[in-house]
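Student: Sharing a model that was predicted from the sequence below.
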Amino acid sequence: MNKIPVITIDGPSGSGKGTVATLTAKDLGFRLLDSGALYRSLAVSAIKREVNLEDHRQLADLARCLNIEFGSGSVWLDGEDVSLEIRTDIVSKAASLLGTIPAVRTALHEQQLAFRKEPGLVADGRDMGTVVFPDALVKIYLTARLEERVQRRYKQLIDKGIDATLPHLLRDLKERDAKDSERPISPLKPAKDAVVLDTTDLQVDQVVQLVMSIVRDRLAS
Ligand code: C5P
């Protein structure tokens with residue numbers, strides 16, 4: 001049994017899981033796994049190498065050799081900073097498509113397990129609590145109303161200097177939510193033992209406080 005504690009934070013796009021996971025990891029002094037960034041980086045790599053997104057075997061090979069590093073809020077792919085590129089519209093769509101391919105998920109599964117190191121890990125994504133870390137100490141599932149999630153994503157993109165429009169984002173999030181929830185393999189859903197938090201009317205620091213109090217209780221028991 002692996003004793004290294006894992007906190008999983010799953011949920012749909014724009015639910016705030018990335019920000020909450022980052023702040024929670026910082027508070028706890030734990031490592032951070034942004035699993036969405038793995039899917040997104042794989043998408044960038046596949047697009048750059050002109051790999052056909054229907055060639056599942058080649059995509060799985062690419063996923064196994066993915067040379068990705070995280071550091072100071074940036075994502076590096078093959079030594080190149082791709083932090084902005086992975087947030088673009090075309091990459092979001094490709095990442096969502098890659099997430100439906102079983103061979104890709106299996107290849108990335110191994111990579112994700114390798115992030116579990118002392119003193120602990122906070123992992124955010126869609127299937128962290130259900131599939132990748134089923135023995136996590138604490139499982140959180142964040143949700144928020146669609147309109148609120150669209151607003152949050154819009155602000156995030158604009159702050160990063162990436163072009164976005166609200167109607168376009170609304171359509172994009174709806175499409176990705178449907179694809180992520182309806183796929184047969186590792187669909188987006190709360191784990192049976194997850195704490196579900198609706199963050200629509202909460203500020204980020206309130207959500208982090210809630211998560212931290214759940215984690216502290218669990219660590220103490
Ligand atoms: O979390 P983020 O929006 O960055 O993830 C991008 C896409 O990667 C998601 O829409 C989803 O299809 C896929 N993904 C996944 N499983 C994860 C994380 C992300 O399928 N654990």
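Tutor: Ah, there it is.
Student: Tell me the strands beside the helix or strand of the chain with the lowest mean pLDDT, with direction?
Tutor: Here the helix or strand of the chain ranked lowest by mean pLDDT, DSSP states H and E is strand 68-71, holding a mean of 88. Sheet pairing for strand 68-71, assigned by DSSP bridges, gives strand 74-77 (antiparallel).
Student: next structured bit after the partner strand?
Tutor: Note on strand 74-77: by DSSP states H and E, the next helix or strand toward the C-terminus is strand 80-81.
Student: What ranges does the protein have for its strands?
Tutor: Counting by DSSP state E, the chain has strands at residues 6-10, 31-34, 68-71, 74-77, 80-81, 121-125, 138-143, 195-198.
Student: What parts of the protein come near the ligand?
Tutor: Neighbours of the ligand within the chain, by C-beta under 6 Å from any ligand atom: 13, 35-36, 39-40, 95-96, 99, 125-127, 176, 180. C-betas here are computed from N, CA, C, even on glycine.
Student: ok so, going back, can you tell me which of the strands of the chain the model trusts least?
Tutor: Mean pLDDT is lowest for strand 68-71 among the strands of the chain, at a mean of 88.
Student: Show me which positions of that strand end up buried.
Tutor: For strand 68-71, the buried set under the neighbour-count rule, 16 or more other C-beta atoms under 10 Å, comprises Ile68, Phe70.
Student: Kindly report the same for stretch 197-214.
Tutor: Neighbour-count burial for stretch 197-214 [16+ other C-beta under 10 Å]: Leu197, Thr199, Leu202, Val207, Val208, Leu210, Val211, Met212, Ile214.
Student: With stretch 35-47 instead?
Tutor: Ser35, Gly36, Ala37, Leu38, Tyr39, Arg40, Ser41, Leu42, Ala43, Val44, Ser45, Ala46.
Student: next one: it to chain centre, how far?
Tutor: Its chain's average C-alpha position is 11 Å from that of stretch 35-47, according to C-alpha atoms, centre = their mean, to the nearest Å.
Student: Next: stretch 166-182.
Tutor: When C-alpha coordinates are averaged (C-alpha atoms, centre = their mean), stretch 166-182 and its chain have centres 15 Å apart.
Student: Name the residues that touch that stretch?
Tutor: Residues outside stretch 166-182 that contact it (C-beta atoms under 8 Å, 6 or more residues apart in numbering) are 12-14, 89, 92-93, 96-97, 99-100, 126, 146-147, 149-151, 153-154, 157, 187-189.
Student: Kindly recompute the last result at 6 Å.
Tutor: Under the criterion C-beta atoms under 6 Å, 6 or more residues apart in numbering, residues Pro12, Ser13, Ser96, Arg126, Val150, Arg153, Tyr154, Pro187, Leu188 lie in contact with stretch 166-182.
Student: go on, stretch 147-156?
Tutor: Gly14, Ala164, Leu166, Leu169, Leu170, Leu173, Thr200.
Student: Please apply the same query to stretch 30-50.
Tutor: Contacts of stretch 30-50 with the rest of the structure, by C-beta under 6 Å, 6+ apart, involve 25, 62-63, 66, 68, 75, 77, 82, 85-86, 91, 94-95, 98-99, 108, 112, 115, 117, 120-125.
Student: on that earlier part again, highest neighbour count among the contacts of stretch 147-156?
Tutor: Highest neighbour count within the contacts of stretch 147-156, by other C-beta atoms under 10 Å: Gly14, with 26 neighbours.
Student: show me the contacts for it.
Tutor: With C-beta under 6 Å, 6+ apart, Gly14 has these contacts: Arg149, Arg152, Arg153.
Student: Understood, closing this out.
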